[in-house]
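Enquirer: Structure for the following, please:
(chains A and B)
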Amino acid sequence: MPITETDLPGVGKKFEIDLEDGKTLVIVTHNTGRRDVFLKADDDADSERLFELSDQLARTVGTILEGAYFQPIKTEDKATTLGDGTNIEWFDVPADSPLEGRSLAEVLADGRIHVAIVAVQRGEDVIPASEPEKRLDEGDTIIAVGTNEDLEQFKTLLSGDDGSGLD
Amino acid sequence: MAGETALLDVGVLFAAVALAGLLANRINQSVIPFYIVIGMVLGEYVLGRIDFPALLGTDLVPHGAELALLETDFIYVGAELGIVLLLFFLGLEFNLDRLIAAKEQIGKAGTVDLVINFGAGLVLGYVLFGSFLPAFLTAGVVYISSSAIITKSLIDLGWIANDESNPMLGTLVYEDLFIAVYLAIASALVLGGGDVGEALGQIGIAVGFIIVLLLLVYLGTAWFQRSLETDSNEFTVLRALGITVLISGAALSLGVSEAVAAFFVGMAFSSTAHVHDLENLLEPLRDTFAAVFFFWIGLITDPTLFLDVLWLIAAAVLLTTPTKLVSGYLGGRIYDLDERRSLRVGLGMTTRGEFSLIIASIALAGAGIGLAEGVADDIYAFAVGYVLFMSILGTTLMQYSDRIEAAVVPLLEGDSEPSAHPSDD
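Expert: Residues are numbered from 1 along each chain as shown, chains lettered A, B, ... in the order given. Okay, the predicted model is just below:
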């Protein structure tokens, strides 16, 4: 894969990367850090500007393309493996949850719960587990760490589906 | 009087160039002619001649002469700083390695450009003014294309990613190097007076100063590197300005072009690791003072003088638009580009701008010294009018290049001998 590098005096540098189908990807890196990305359909064609990126954004996009970028993001099943069978998972506190209105201290002391509650997200705020007097509300998001079974059990408990509820 | 309104004057200046820049941007034109025109409009020669009380029939409105901006020390020194920073950047971005790596192509394309355009300028200037020095200055004005406008248009139009950017930027590098030497000689000739001995003495001082600067560039890299070793942006900017403006000012006080000194100081910094920091930090400063420079150019231009030199401007436009088209086209061919892209090189290179104006300011500074006052004024007015026209023409030619290509390329391709004059209509 040949990459041609050209100095652009007063502008920056130009990199041309031959793609497989005869197209050329042209990246102009400005001295200011801005990147312009162009596509040339064939050797004779004019370059068509695809997009431009700030320095910061270009680096982020670059690491994604490289496959080196990874960051846990709240997804649909909201679980991320930490390794060794331990997961971190996000749970929304549903309406009518048995845990609603309970303080963190009560929840942490509950013998049936085997997951570690790391923090609770409430809108923009994060309530750390070190503030045990705070009470859970409907719509809060609990961030918990534990094994798959323990997390499953916690989920059931949270939704009140096991029929028992908390005393 | 001046003391009370000095700040207001500067406020008017910056507000005016800001608005002019906005307008230029709206209609996709280069900002340079707009900065010049707004300076001209607000100066003593336009605003200063409007008799508002008589026009409006009331004494409540002061006479234009009381409102017009004068060439204050601030504006003059600000313009000077603009020249210094423009040339400092030229040196900073001057890439000797690139020149050496592509020396064959840049050398050929640049020499074609030099011989055709500088040659045409010399002949034109000699025919019009009848002596060497005015011809030499005219040649410089019509030879040097505008790096600032061309580079910006290349980026805006996306040509920067195409092959035609190589001969254009390559030729500009050649022109930049030539103009550094040219400015040194021109200012020595102009300020040295008509006397050959004195002019030679000035050239001697200029050459000596340049040699000292070159030694500084060559031997002083480590020192220049150390001089900016700091984590603070503030200190980087202050030290860079301290070195650049001090050396440029010293040069000027010795009668050597401050622009040339700034170019070599920029070159000295170009081989340090601070290049990118300096570019990022000083670019807004350069653009600020460059705007003051263009404004100043307009401010001291009497547009009624354009009438006297109208035929000079017309002759130069008619002669040097085709010469740049041809030299640019040939430059493109030297880089093995096809007809269409070679034509584009020609269209882009027709743009003249900031450096022609710096030469104009040298001519004006030499009024009554190396040049008769009438001649100096004529060259100045000619250069300003010429740049106003060529900067707009060049930008426009680049914008409408697709239509021009559609009309001209078939003619070029039908012609096996590429010596035809590509016309721009």
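
Enquirer: Quick check: residues of the stretch 201-350 of chain B near chain A?
Expert: B:His276, B:Glu279, B:Asn280, B:Glu283, B:Asp338 (C-beta under 8 Å from any C-beta of the partner chain). (C-beta placed from N, C-alpha, C; glycine too.)

Enquirer: which ones are touching B:Tyr76?
Expert: Going by C-beta atoms under 8 Å, 6 or more residues apart in numbering or on different chains, B:Tyr76 touches B:Trp296.

Enquirer: The residue in chain A sticking out farthest from the centre: what secondary structure?
Expert: Farthest-out residue of chain A from its mean C-alpha position, per C-alpha atoms, centre = their mean: A:Asp44, at 41.7 Å. Using DSSP: H, G, I helix; E, B strand; the rest coil, the secondary structure recorded for A:Asp44 is coil.

Enquirer: One more: A:Gly146?
Expert: Relying on three-state DSSP, one would call A:Gly146 strand.

Enquirer: Now do the domain split for chain A, please.
Expert: Domain assignment for chain A by automatic domain parsing gives A:3-66, A:79-159.

Enquirer: Find the least confident helix or strand in chain A, judged by mean pLDDT.
Expert: Ranked by mean pLDDT, DSSP states H and E, the weakest helix or strand in chain A is strand A:79-83, scoring a mean of 66.

Enquirer: May I have the strands that pair with the following helix or strand past that one, each with its orientation?
Expert: Counting by DSSP states H and E, the next helix or strand C-terminal to strand A:79-83 is strand A:86-92. Sheet pairing for strand A:86-92, assigned by DSSP bridges, gives strand A:79-83 (antiparallel), strand A:141-147 (antiparallel).

Enquirer: Give me the mean pLDDT for strand A:86-92.
Expert: For strand A:86-92, mean pLDDT is 83.

Enquirer: now stretch B:275-290
Expert: Stretch B:275-290 shows a mean pLDDT of 90.

Enquirer: which non-adjacent residue is nearest residue 46?
Expert: Since no chain was named, I'll use chain A. B:Asn162 (6.0 Å; C-beta to C-beta, 6 or more residues apart in numbering or on different chains).

Enquirer: should've been chain B
Expert: Among residues not flanking B:Val46 along the chain, B:Met40 sits closest, at 5.9 Å (C-beta to C-beta, 6+ apart).

Enquirer: Next, the contact list for the one you found, please.
Expert: The contact partners of B:Met40, by C-beta under 8 Å, 6+ apart, come to B:Val46, B:Gly298, B:Leu299, B:Thr301, B:Pro303.

Enquirer: among the residues you listed, which two are most distant?
Expert: Taking C-beta to C-beta as the measure, the contacts of B:Met40 span a maximum distance of 11.4 Å, between B:Leu299 and B:Pro303.

Enquirer: Have a look at those two and say which one is more surrounded.
Expert: For B:Leu299 versus B:Pro303, neighbours defined as other C-beta atoms under 10 Å in any protein chain shown are more numerous around B:Leu299 (27 against 17).

Enquirer: quick one: the more buried one and B:Val46 touch, right?
Expert: No. Counting by C-beta atoms under 8 Å, B:Leu299 does not reach B:Val46; the two are 9.9 Å apart.

Enquirer: what residues are up against B:Leu90?
Expert: B:Ser147, B:Asp176, B:Ala180, B:Phe263, B:Gly266.

Enquirer: following the helix or strand hosting B:Glu104, which helix or strand comes up?
Expert: Using DSSP H and E, B:Glu104 sits within helix B:103-113. Once the chain leaves helix B:103-113, the next helix or strand it forms, by DSSP H and E, is helix B:119-129.

Enquirer: Please name every helix or strand in contact with that following helix.
Expert: Where contact means 3 or more C-beta pairs under 8 Å, 6 or more residues apart in numbering or on different chains; DSSP states H and E, helix B:119-129 is packed against helix B:132-143, helix B:304-334, helix B:373-399.

Enquirer: Closest one to chain A out of the contacts of B:Met40, please.
Expert: Comparing the contacts of B:Met40 against chain A with C-beta to the nearest C-beta places B:Gly298 closest, at 24.8 Å.

Enquirer: What are the boundaries of the strands in the stretch 151-300 of chain B?
Expert: Using DSSP state E, counting those that start in this stretch, no strands are found in the stretch 151-300 of chain B.

Enquirer: Sketch out the low-pLDDT regions of it for me.
Expert: Scanning the stretch 151-300 of chain B for pLDDT under 70 picks out B:193-196.

Enquirer: hang on, the earlier thing: scan the contacts of B:Leu90 and report the most crowded one.
Expert: Going by other C-beta under 10 Å, B:Phe263 tops those with 30 neighbours.

Enquirer: my guess is that one meets B:Leu92, correct?
Expert: No. The criterion here is C-beta under 8 Å, and B:Phe263 misses it with B:Leu92 at 9.1 Å.

Enquirer: Which residues of chain A lie near chain B?
Expert: Residues of chain A lying near chain B (C-beta under 8 Å from any C-beta): A:6-11, A:14, A:26, A:28, A:30-33, A:36, A:38, A:40, A:44, A:46-49.

Enquirer: what about A:Glu150, which SS state?
Expert: Actually, residue A:150 is Asp. It isn't Glu. From three-state DSSP, the assignment for A:Asp150 is helix.
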